[in-house]
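Peer 1: Any chance you could fold what I've pasted below:
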Amino acid sequence: MINTPDLDAMPKVMGDDGQFHAVDEEVDLSGTPVEAWVALGFFWLLGATVFYQFFTRYVLNNSASWTEEIARYLLIAVVFTGATIGVAKNNHIQVDFFYKFMPAWISKWMNHLVDIMRIAFFAAATFLTGQMMEKLGTYKMTIVDLPMNLVYGVVMAGFAAMCLRAIWVMKIHWQRGYTVLQRPESEMTDR
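Peer 2: I've put the predicted structure just below:
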């Protein structure tokens with residue numbers, strides 16, 4: 001037997017006058033990290049570049065060759081600045097299966113180890129990207145006469161921001177005594 005909900009018991013969608021009355025919640029962007037605004041800026045530049053590419057190729061039938069290269073590099077910028085948001089919110093992919101079966105003292109030390117390894121990874125990636133920039137020197141992009149170090153500079157800034165955010169996340173984990181691995185339902189705003 002199928003249980004159907006009582007439609008009369010559900011909240012009204014239409015008013016007594018037959019019109020739809022809805023009130024949107026107030027939008028609060030105060031908790032948006034700086035990195036999200038930077039990523040949004042790169043995303044808008046990417047969108048404008050792709051639109052220009054589409055317009056010149058299919059409307060004017062004369063493609064602007066530089067747009068493909070710049071769009072590729074802007075996508076890289078969106079990814080590496082946007083990844084910082086995931087670090088700040090501490091919601092990257094993680095496996096918490098084993099934490100359910102570990103004793104509390106082991107999971108606590110594993111959490112600290114995970115935080116330290118994450119910081120070490122981002123610090124190493126920042127350092128290695130800097131070394132890559134040194135090796136590239138004055139190497140230019142293929143079509144546009146700009147240095148490739150602009151792209152690698154954004155990547156390095158993204159890794160550095162991820163490293164700083166990972167340190168911030170570790171500090172919060174130490175202060176509150178648990179991580180999302182121990183309590184998957186928790187968020188970074190929980191204190």
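Peer 1: is it true that Ser65 touches Ile143?
Peer 2: Yes - using Cβ atoms under 8 Å, Ser65 is in contact with Ile143, at 5.7 Å. Using the backbone N, CA and C atoms, a C-beta is placed for each residue, glycine as well.
Peer 1: Distance of Arg57 relative to Trp168?
Peer 2: Distance from Arg57 to Trp168, counting by Cβ to Cβ, to the nearest Å: 44 Å.
Peer 1: just Pro103 next, same as before
Peer 2: 28 Å.
Peer 1: Which of these two has more residues huddled nearby?
Peer 2: Taking neighbours as other Cβ atoms under 10 Å, Pro103 and Trp168 compare with Trp168 leading, 14 against 7.
Peer 1: three-state assignment of the closest residue to the more buried one other than its chain neighbours?
Peer 2: In space, and not counting its chain neighbours, Trp168 is closest to Ala88: 7.4 Å by Cβ to Cβ, 6 or more residues apart in numbering. Assigned with DSSP: H, G, I helix; E, B strand; the rest coil, Ala88 falls in the helix class.
Peer 1: average model confidence for the lengthiest helix in the chain?
Peer 2: With secondary structure taken from DSSP state H, the chain has its longest helix at helix 104-136. Across helix 104-136, pLDDT averages out at 92.
Peer 1: Give me the helices and strands touching it, please.
Peer 2: Identification of packing neighbours for helix 104-136 by 3 or more Cβ pairs under 8 Å, 6 or more residues apart in numbering; DSSP states H and E yields helix 149-176.
Peer 1: Now do Met14: how many residues are near it, please.
Peer 2: Met14 is flanked by 9 other residues according to other Cβ under 10 Å.
Peer 1: what about Asn91, distance to Phe127?
Peer 2: Using Cβ to Cβ, one obtains 26 Å as the distance from Asn91 to Phe127.
Peer 1: returning to what we had before: any idea how far the residue nearest to Trp168 lies from Leu164?
Peer 2: Distance, Ala88 to Leu164, using Cβ to Cβ: 9 Å.
Peer 1: follow-up on the earlier one: okay, buried residues for the longest helix of the chain please.
Peer 2: 107-108, 110-111, 115, 118-119, 122-123, 125-126, 129, 133 (16 or more other Cβ atoms under 10 Å).
Peer 1: what angle separates that helix from helix 149-176?
Peer 2: Angle, helix 104-136 to helix 149-176, by axes from the mean of the first three to the mean of the last three Cα atoms, to 10 degrees: 160 degrees.
Peer 1: remind me which residues of this structure are low pLDDT?
Peer 2: The chain contains residues with pLDDT under 70 at 1-2, 7, 11, 181-186, 188-191.
Peer 1: 90 instead?
Peer 2: Along the chain, segments meeting pLDDT under 90 span 1-33, 61-65, 88-112, 114, 137-138, 141-142, 144, 172-191.
Peer 1: Run the chain-centre distance for stretch 15-30.
Peer 2: Between the centre of stretch 15-30 and the centre of its chain there are 29 Å (Cα atoms, centre = their mean, to the nearest Å).
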